[in-house]
Structures are given as structure tokens and as C-alpha cells.
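would you be able to build a 3D model of this:
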Amino acid sequence: MLPRHEGPLSRRNLVATLTTGYLPIVLATLVVVLPLVWMVLASFKSPSELLTQDLDVLPNSLAPSNYAEAAKTVPFGRLFLNSVLVTAIGASIKVVLAVLTAYALVFVRFPGKRIIFALVLATLMVPPQVSLLPNYVLISDLGGADTYWGIILPGLATGFGTFLLRQQFLTLPASIMEAAEIDGASHWKRLTRIVVPIATPAIATVALVNIVFEWNEYLWPLVIVSDPHMMTLPVGLTLLQNSESGADGYGLVMAGTVLVIVPVLVIFAAFQRYIVSGLTQGAVKD
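Down below sits the predicted model:
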């Protein structure tokens, strides 16, 4: 007698799907979302609401008093401007360097390409903390302390974008590039009119990753900047926390944290569809 096959909507298949598929996804989502939700709600609570043994999830009032007080304590307008400038300039230069370097490693013929690519990969294996002290000594000697270029310059040496775009460029049809070369198209025309339009999802992925990294960068701006008016938003949170002693400042710190993460969350939500397509397009064997 042949064994009976269970249908896709059978009880056993539904239980297996829920326990091995949906349940882990729901748990992972709750682990990420619940702290963010609690932080937003806590940013509207008064100190008495935060320091209580009662389980009060929702605040008594949605008045943004903590946000107003945090803006008075720390110059968030100036910090926001600093973060925007550092993020826009730093991420843009990183993307341009990654595109040019990846194009050269794939489509330009010169000796030692594999050695150079191996050195690029080696930079991904070195923790940024290792170069913190040498970068500080160099930038300080050059007069870059408390300057925008002093914050941006050391972070430009990254190999992530070059690696990802190189893998993406390797998937481009060789016939298109050969036809463009036969027609007399220069490297610049091939890059701007063929490679960049086709690899737009991968380039957008590199841009998004760099934007998130630059916006959230904390350690290097903390080390190289001492002027409060040149600090970025993550460093400004430390300034806010140090200015508020005790538990009375919890609400202000939560409000400041919300102001820091909301812009990058909006950007990430708007461009997150490029992440999967951009990363999977670069999955190719060399």
C-alpha cells in the first residue's frame, strides 16, 4: 500500500511551517523592534514615570518636553548639520572611490591586479581600532583636529565597497564591454554609460551601507573632536548624558537617541530594497 501524502494545508505541515518559519521570524523581529518602541515611548515619559515599579507602558502625555529640554542642553541643530556634512561628503567619496577602483580591477589591464585586490581584502580583516592611534597622531600633526576633513579623511580607506562592486562588475556581459571597446568608447564612457547604469543596485547598496556607517560612527569623532560645535550626533549623545546626572536624565537621553536614529532609519527604509538585489548580484565566483 502506497503511503498517503499529506497536503500542503495539513495540520502537520502547518505546525512545521509555523514553528520553523514564522515563529523564528516573529521572535527576531520582536528582539529588534521592542527596544526601539520602548525607547520612543520612554522619550515622552517624565522621570517619575521611568523610575517606578508600576508596569506603565504608555506615557501619560505625548508632550515633547524631553525633546525641547534636550535641544536646550545640547546644540542638536549644529550637531545635525555636522552629521549631515560628514555623512554626505564621506559616503560620496567612498562610493566614487569604490566604483573607480572596482572598475580598474576588472576592466583595466595592468600587472599585479590580484595582489592589489588581495591587499584590499586585507584591509577588511584589520579592526579599525588598530589604526586609531596612528590616525590620531597623523591627523593631529596635520592640524585636522576639530575639522570636518579630519573626521572624514581616515574613514575613506575601506575595502568593502571595492570588494562588493568588483564582484558585481565581474557578472557584467563581456560581449557588451568588448563591443563598446571596438566602437572606440573610452574607459570613462564605458564606466558612465554601461557599467554604472547596469550596476546601479549594487552601487546603491554600497552607498546605503556607507551612509549608515558614517552617520553612526562614534569612536573616531569622539577621539579627534573636542569642540562641542564640531561634534556629530552620536558624540553629542555622550555630551548630553554627561550634562545630565542621575536618573533624571534618562528621558532626555532617550529623546536624543531618537533624534539620532530616526533619520538613518528613514533612509534605510526608503532604500532597503537595494540591499538584497545589490548583494545577490555580486555573488559570483572569481
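
now the spatially closest residue to residue 44 that is not a sequence neighbour, what's its secondary structure?
Once flanking residues are discounted, residue 44 sits nearest to residue 59: 4.1 Å by C-beta to C-beta, 6 or more residues apart in numbering. (C-beta placed from N, C-alpha, C; glycine too.) With DSSP: H, G, I helix; E, B strand; the rest coil as the basis, residue 59 sits in coil.

quick one: residue 59 and residue 65, what's the gap?
10 Å (C-beta to C-beta, to the nearest Å).

give the residues shared as contacts by those two.
Common neighbours of residue 59 and residue 65, counting by C-beta atoms under 8 Å, 6 or more residues apart in numbering, are residue 46.

tell me how many other residues surround residue 164.
22 (other C-beta atoms under 10 Å).

just the CA trace of the helix or strand it falls within, in CSV.
Per DSSP states H and E, residue 164 falls inside helix 160-169. What follows is helix 160-169, C-alpha atoms only, in CSV (Å, rounded to 0.1, in the frame of the first residue of the first chain):
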residue,chain,number,x,y,z
PHE,A,160,34.1,46.9,1.4
GLY,A,161,32.7,48.9,-1.5
THR,A,162,35.6,47.9,-3.8
PHE,A,163,35.1,44.2,-3.0
LEU,A,164,31.3,44.3,-3.5
LEU,A,165,31.4,46.3,-6.7
ARG,A,166,34.2,44.2,-8.1
GLN,A,167,32.2,41.1,-7.7
GLN,A,168,29.2,42.8,-9.3
PHE,A,169,31.3,44.1,-12.3
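
give me the contacts around the next helix or strand after it.
The helix or strand immediately downstream of helix 160-169 is helix 174-182, counting by DSSP H and E. With contact meaning C-beta under 8 Å, 6+ apart, helix 174-182 is reached by 107, 189-190, 193-194.
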